[in-house]
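Engineer: One predicted model, sequence on top.
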Amino acid sequence: MRVITHFGLWLVGLEQAQTQTSAGERACLAKHAAGKRRLVEIGVWHGVTTRVLRSVMDPSATLYAVDPFPVGRLGFSFQYLISHREVGVVRNGQVSWVRLTGAEAARRHREHGIPPVDFIFIDGDHSYEGLQADWTGWNPLVAPGGVVALHDSRDTPANPRPGAGSVRYTSEVILKDPAFEVNDEYESLTVLRRRTP
């Protein structure tokens with residue numbers, strides 16, 4: 001019932017679209033996405049960060065907004081409706097809506113022969129297995145010099161996540177990948193850059 005109530009209040013402007021990112025994390029994402037031409041966001045939710053990314057990317061860019069947007073009891077996704085309107089406010093470049101999981105979208109990307117991407121924000125399934133699927137699917141598709149930003153990938157004093165799957169997978173696997181180097185960290189966000197051969 002809360003989902004329907006929020007949707008109604010959002011429609012009349014009494015509530016904002018929801019996000020789990022902080023203002024500082026969104027500013028960090030904007031800094032690293034600025035001017036990029038092929039971007040991917042995994043985990044759109046209400047489109048708050050999608051809107052930020054679209055506003056700073058190159059005017060000729062394409063942003064792939066990846067989220068399965070599961071339908072609710074009424075047969076549609078409130079999140080899909082909210083995100084479309086939020087992201088549609090920005091008229092910059094193109095947005096391609098991909099209603100798949102991150103791993104499924106990576107397979108589709110390869111099958112369609114789409115060129116490597118230069119920015120990915122991974123904010124989907126935060127379990128160990130979920131991040132593993134997104135990382136193994138997408139990291140080969142990042143161009144040299146390309147950026148990968150991971151949400152909920154670090155413990156912070158303000159928001160500790162002891163034992164969280166996304167934190168463990170980041171520290172145990174991603175940070176040890178020799179193809180990438182840490183470029184920035186802010187709150188729960190880790191930003192990596194693919195090394196240039």
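Structural biologist: Here it is on my side, so go on.

Engineer: Just checking, which helix or strand succeeds the longest strand seen in the chain along the chain?
Structural biologist: Ranked by number of residues, the top strand in the chain under DSSP state E is strand 142-150. Using DSSP states H and E, the helix or strand that follows strand 142-150 in sequence is helix 165-172.

Engineer: could you give the mean pLDDT of that next one?
Structural biologist: Helix 165-172 shows a mean pLDDT of 94 in the predicted model.

Engineer: rewinding a little: pairing partners for the longest strand of the chain, with directions?
Structural biologist: Note on strand 142-150: by DSSP bridges, its sheet partners are strand 117-122 (parallel), strand 189-194 (antiparallel).

Engineer: by how many degrees do that strand and helix 165-172 diverge?
Structural biologist: Strand 142-150 and helix 165-172 are oriented at 130 degrees to each other (axes from the mean of the first three to the mean of the last three Cα atoms, to 10 degrees).

Engineer: Only the buried residues of strand 142-150, if you could.
Structural biologist: Residues of strand 142-150 classed as buried by neighbour count (16 or more other Cβ atoms under 10 Å): Val142, Ala143, Gly146, Val147, Val148, Ala149, Leu150. C-beta coordinates here come from the backbone N, C-alpha and C atoms, glycine included.

Engineer: residues in contact with the second one?
Structural biologist: So the one you mean is Ala143. Contacts of Ala143 were listed using Cβ atoms under 8 Å, 6 or more residues apart in numbering, and they are Arg38, Pro115, Pro116, Val117, Asp118, Arg194.

Engineer: now Ser153
Structural biologist: Listed by Cβ under 8 Å, 6+ apart, the contact set of Ser153 reads Ser166, Val167, Thr170, Ile174, Ser188, Leu189, Thr190.

Engineer: Please tell me I have it right and Arg161 contacts Val167.
Structural biologist: Yes: Arg161 is in contact with Val167 according to Cβ atoms under 8 Å; the separation is 5.1 Å.

Engineer: which residues are common contacts for the two?
Structural biologist: Contact criterion Cβ under 8 Å, 6+ apart; residues shared by Arg161 and Val167: Asp152, Asp155.

Engineer: what about those two, which has more around it?
Structural biologist: Neighbour comparison, Arg161 and Val167: the larger count goes to Val167, with 22 against 16 (by other Cβ atoms under 10 Å).

Engineer: Distance check, the more buried one against Asp134.
Structural biologist: When distance is defined by Cβ to Cβ, to the nearest Å, Val167 is 15 Å away from Asp134.

Engineer: Now do the helices for this structure: every range, in order, please.
Structural biologist: 2-11, 23-33, 48-56, 78-88, 102-111, 128-138, 165-172 (DSSP state H).
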